[in-house]
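Student: One predicted model, sequence on top.
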Amino acid sequence: MHGSYGRASGRAGVGLRLGVLGLMAAGLMAGGAGATPADAQQGPAAGGTSMASTPDAANPGAKLSGGRPVFGPPPGMMLFTEKCGTCHTQKPMKMGAWEVPTIASLNAMPPEQIYTAMTTGKMAAMAASFTTEQKRQVAEFLAGRKLIDKAAISASAMTNRCRSNPPLGNPAASDWNGWSPTNNNARFQANGGLAAADLPKLTLKWAFGLPGGASSFSQPTVAAGRVFVGSDNTAIYSLDEHTGCVYWSFIADSAGRYAPVVAPIKGHPHVNHAVFFATASNTVYAVNARNGRLLWKAPVPGLHAVSASLAYYDGRLYVPFTGTETVSGSDPHYQCCRSRGAVAALDANTGRILWQVTSIPEPLQKIGKNQIGTQLWGPSGASVWNTPTIDPKRHLVYVGTGNSFGPVAAATSDSVLALSMKDGRMAWHYQLFKDDSFMLGCADTSPAGGNCPQKIGEDWDFGGSSVILQTLADGRDVLVAAGKGGVAIGLDPDNGKLLWRTPLYDKTPPTADGLVVFGGAADGQRVYYSLQRAGGGLTALQLDNGRIDWTAALDTDARGGIGAVSALPGAVLVGGWDGVLRAVNQSGQVVWHYDTRRKYATVNGVEAHGGSLGSPGPTIADGMVFVSSGYIGMQNGYSGNVILAFAP
């Protein structure tokens, strides 16, 4: 199996499962036949955990043979070994820009995340032959525990319940509400109560542990004095911003890579504001912002998934969707490819879908058959991995798209799209890279006539970096975008015409790993992009002409990964794959840093530790900085399950 999930944990069960899988690879337990207790104990020795010597409820694989217990594999092991073990091994396997999660990463993640990946996520096609029970068995085998214990992860089980729950006030200008504090997705906090001079004085105020969490991919939202944040345990929590005490929790059907949005809602008695978010199961939720009670939930149909935060404006929610065939498309038995990126607009009061459009305007067509006679389809892909950007003046919504899938590349892949807020009609698009059709499992040597493109693309999509809308000093507006291809562009939002184009690399274009992966930030004069390269980097460009002012090395670890950027007047904050949060001044100098990779004594009594910093960028609000630590992503990053709050 493959997907953006995983963590590294110290649970004793990890060693046991690694040891058992090692025996499977050695053939000692193949099919479960003939393995004696002495045989079986060779596996756990690697992890320091022993197996019981008699068959009982704790050892469901044990059987009696001639009066002696024979240990077969636990439920899910054989399925994993047969269907998934070729790619998921004890060493990382590279597939384009992705590192396939290792066995250790799979062992350490929550079963809910694995189960979601097999049912509605990236592994849905690969696990299509599994029954619901088999998917459950695989998830529970890998994670070493049963699927969710709702009581154990709920706020009611925590030791730091808030003593009172006053009515929620209106969100303020000093809040950070959603992916960006403003709908232009500049990730710039002009009124956050922090000055650049305050950043070297930041100290940790509190830490909140996400129970059962593994990969922290929800960015905290701060609104009306509360912090709203999700977890890969499928829950969303409401906390007090100053103390970290917990008001409530809500458990959704699956997890999601989102920043919650707090906004007005009508038609629900005694409820003024809701928390809106979308999960990986293509379901959009609205819950009461004061107490977490469900107001509505709306599944959005289609062969797609949600992998970014939604946006809110004037009573509507704009939800981005990605295609789902990056992994499965190269299988010659699979009818590749029919999934597309999309954007949907929902009524925020009811969840009713107002319009839904795909990122590729031309109709899906049959385009022949592959070498073994499987029907082929196209064009497909052009996933939307980023939060939509709102332009009220032009009544447009902007998104960046990803690469295509299959033999035919779409004209709107690797593009910036401008969609009408009224009905989703495409007003214009600008394509940065043509003919970029890419799928995992394909290579330049793949035979022509299969599911793969004749020439595999570079995988240079716009990724998780949202388009940024800025107004210049002379009153002109500019759209700024950059992606994995390492090229920043400025566009005229009226018509999509190119204003400037700036490569962010020196001589050699980036690989499929990408150069700009997560979100940039802009302050009205400059745009700041984090660079995925050896040692990490941060570059500052002038908004009016794209000229690079400076590029700073950040001295990260060998992975070089840098997360989403957040800005305030005179400085930016950015986290790294090494787990270090850094403050950088206007000259590109690091003026403060904090290593989040350690264990924490949490305010809610949950055991927690930090890890990599990636997709969820720092949140700046009310004189404080909040960050989710432990992002695994697609490069087997360091796990973590903690929310950290800093203040001078």
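Tutor: Ah, there it is. Since the model is a prediction, treat every value here as computed from it, not as a measurement.

Student: what ranges do the strands span in the stretch 351-500 of the chain?
Tutor: 353-358, 365-369, 375-378, 380-381, 389-391, 396-400, 404-405, 415-420, 426-431, 468-471, 477-482, 487-491, 498-503 (DSSP state E, counting those that start in this stretch).

Student: Can you give the contact residues for the last one?
Tutor: Identification of contacts with strand 498-503 by C-beta atoms under 8 Å, 6 or more residues apart in numbering yields 430, 478, 486-492, 509, 541, 545-548. Every residue, glycine included, has its C-beta placed from N, CA and C.

Student: What average pLDDT does that strand get?
Tutor: For strand 498-503, the mean pLDDT works out to 98.

Student: still on that earlier bit, pick the most buried one from the strands of the stretch 351-500 of the chain.
Tutor: strand 404-405 (a mean of 34; mean count of other C-beta atoms under 10 Å).

Student: in the one helix or strand residue 134 maps to, what counts as buried?
Tutor: In the assignment (DSSP states H and E), residue 134 maps to helix 132-143. Buried positions in helix 132-143, judged by neighbour count with 16 or more other C-beta atoms under 10 Å: 134, 135, 136, 137, 138, 139, 140, 141, 142, 143.

Student: and what of stretch 619-631?
Tutor: 619, 620, 621, 622, 624, 625, 626, 627, 628, 629, 630, 631.

Student: Kindly report the same for stretch 154-170.
Tutor: 154, 155, 157, 158, 160, 162, 168.

Student: Lowest-scoring secondary structure element of the chain by mean pLDDT?
Tutor: helix 37-40 (a mean of 28; mean pLDDT, DSSP states H and E).

Student: which SS class is residue 117?
Tutor: helix (DSSP: H, G, I helix; E, B strand; the rest coil).

Student: how many other residues sit next to it?
Tutor: 28 (other C-beta atoms under 10 Å).

Student: Tell me where the model's unsure across this protein.
Tutor: 1-74, 92-98, 108, 120-122, 125, 132, 145, 148, 444-449 (pLDDT under 70).

Student: which residue packs closest to the residue nearest in space to the middle of it, ignoring adjacent ones?
Tutor: Centroid-nearest residue in the chain, with C-alpha atoms, centre = their mean: residue 257, separated by 4.2 Å. Counting by C-beta to C-beta, 6 or more residues apart in numbering, residue 217 is the residue found nearest to residue 257 once chain neighbours are left out, at 4.5 Å.

Student: Next, that neighbour: phi, psi?
Tutor: Main-chain torsions, residue 217, degrees, to the nearest 10: phi -120, psi 20.

Student: Confirm for me that it is in contact with residue 232.
Tutor: Yes - counting by C-beta atoms under 8 Å, residue 232 is a contact partner of residue 217 at 6.7 Å.

Student: Of those two, give the one with the bigger neighbour count.
Tutor: Set side by side, residue 217 and residue 232 show more neighbours around residue 232, with 29 against 25, by other C-beta under 10 Å.

Student: circling back: looking at the buried residues of stretch 154-170, which is nearest residue 340?
Tutor: Using C-beta to C-beta, residue 154 comes nearest to residue 340 of these, at 37.0 Å.

Student: The closest one: what's it in contact with?
Tutor: In this structure, residue 154 makes contact with 235, 249, 251, judged by C-beta under 8 Å, 6+ apart.

Student: Any figure for the gap between it and residue 349?
Tutor: Here residue 154 is placed at a distance of 27 Å from residue 349 (C-beta to C-beta, to the nearest Å).

Student: do residue 283 as well
Tutor: 17 Å.

Student: Residue 362: neighbour count?
Tutor: 11.

Student: That one touches residue 382, doesn't it?
Tutor: No - using C-beta under 8 Å as the test, residue 362 is too far from residue 382 to be in contact (11.0 Å).

Student: okay, and the common contacts of the two?
Tutor: Among the neighbours of residue 362, those also in contact with residue 382 (C-beta under 8 Å, 6+ apart) are residue 410.

Student: before we move on, the earlier item: the contacts of residue 154 in strands, which ones?
Tutor: Using DSSP state E, the members of the contacts of residue 154 that fall in strands are 235, 249, 251.

Student: which one of those residues sits closest to residue 576?
Tutor: Nearest to residue 576 among those, with distances taken as C-beta to C-beta, is residue 235, at 26.9 Å.

Student: beta partners for that closest one?
Tutor: residue 251 (DSSP bridges).

Student: Let me see the contact set for it.
Tutor: 153, 154, 210, 249, 250, 251, 252.

Student: State the distance from the fourth one to residue 79.
Tutor: Here the criterion is C-beta to C-beta. By it, residue 249 lies 32 Å from residue 79.

Student: about what we covered before: which neighbours do residue 217 and residue 232 share?
Tutor: Joint contacts of residue 217 and residue 232 (C-beta under 8 Å, 6+ apart) are residue 255.

Student: Helix or strand for residue 538, just tell me which one.
Tutor: Short version: residue 538 belongs to strand 537-542, going by DSSP H and E.

Student: Taking strand 477-482 as reference, get the angle to that strand.
Tutor: Counting by axes from the mean of the first three to the mean of the last three C-alpha atoms, to 10 degrees, strand 537-542 lies at 160 degrees to strand 477-482.
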